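Asker: Here you go, sequence then predicted model.
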Amino acid sequence: MSDKSAKKKALIIKKAREVFAEKGYLNVTMKDIVEACEISRGGLYLYFSGTEEIFLEVLNEPADSDEDNVFERAVKENATSSDILALFLQEQKRELLGRNNNLQRATYEFFFANPMPAKENPVKKQFDSAVAVIEKLIIDGVENGEFECEDPKGAARNMMYALEGLRIMSQTVGVSEKSVNREILYLLKGILKEEV
């Protein structure tokens, strides 16, 4: 793929992400993406055959985000495990409260309409990756005396399942900042070392 083609494909993915974040998955047509990209229908079909293919590419392509930079900076600055976990949970809170334009609704719609094996599912891969990172943070926190936890992997999975439940609630009935704070505090109380 030429440099020009790669840039065009990247533009399509970026604009499609915005359209899916705004409209969900089920309400998006190829025409919507054509209009967002300001390209011809034929130009879009050179790269993608349909919205399903585009959406999977959107899910597999990392979003432009300062989140990764914040974590990289925290690690380089030797932030504590609890500090890094707090940054992660703050980012989750922002997403839950809708302050980021995100793909939550579109993702749920897509996977209800297009079930796929877990080993091919990008959301499952992201979930497992997040569990692994949180597990490592908990293990490091236990080793340096910040956390108490007999089952770091179980605690990490529990955090991710709780966050996923909050995501579903945020998309269906809504969640308040107070309720998100309460749940995050509850998750942290399960691993924070008690002061003596």
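Answerer: Alright, I've got the coordinates.

Asker: Now do the SS call for Val28.
Answerer: In terms of secondary structure, Val28 is coil; the call rests on DSSP: H, G, I helix; E, B strand; the rest coil.

Asker: So it sits against Arg17, correct?
Answerer: No: distance between Val28 and Arg17: 10.9 Å, which falls outside the contact criterion (C-beta atoms under 8 Å). No exception for glycine: its C-beta is placed from N, CA and C like everyone else's.

Asker: Spatially central residue for the protein, please.
Answerer: Per C-alpha atoms, centre = their mean, the C-alpha nearest to the average position across the chain is that of Gln126, at 7.2 Å.

Asker: That one sits in which helix or strand?
Answerer: helix 122-143 (DSSP states H and E).

Asker: Would you mark the buried spots in that helix?
Answerer: 122-123, 127, 130-131, 134-135, 137-142 (16 or more other C-beta atoms under 10 Å).

Asker: right, and the helix or strand after that helix?
Answerer: The element immediately downstream of helix 122-143 (helix or strand, assigned by DSSP H and E) is helix 152-172.

Asker: Going by neighbour count, list what's buried in that next one.
Answerer: Of all the residues in helix 152-172, those buried under the rule 16+ other C-beta under 10 Å are 152, 155-160, 162-163, 166-167, 170-171.

Asker: And stretch 41-54, end to end?
Answerer: Across stretch 41-54, the straight-line distance between its terminal residues is 14 Å, by C-alpha to C-alpha, to the nearest Å.

Asker: Same check on stretch 34-44?
Answerer: Between the start and the finish of stretch 34-44 there is a gap of 7 Å, counting by C-alpha to C-alpha.

Asker: how far does it sit from the chain's center?
Answerer: Averaging C-alpha coordinates over stretch 34-44 and over its chain gives two centres that are 27 Å apart (C-alpha atoms, centre = their mean, to the nearest Å).
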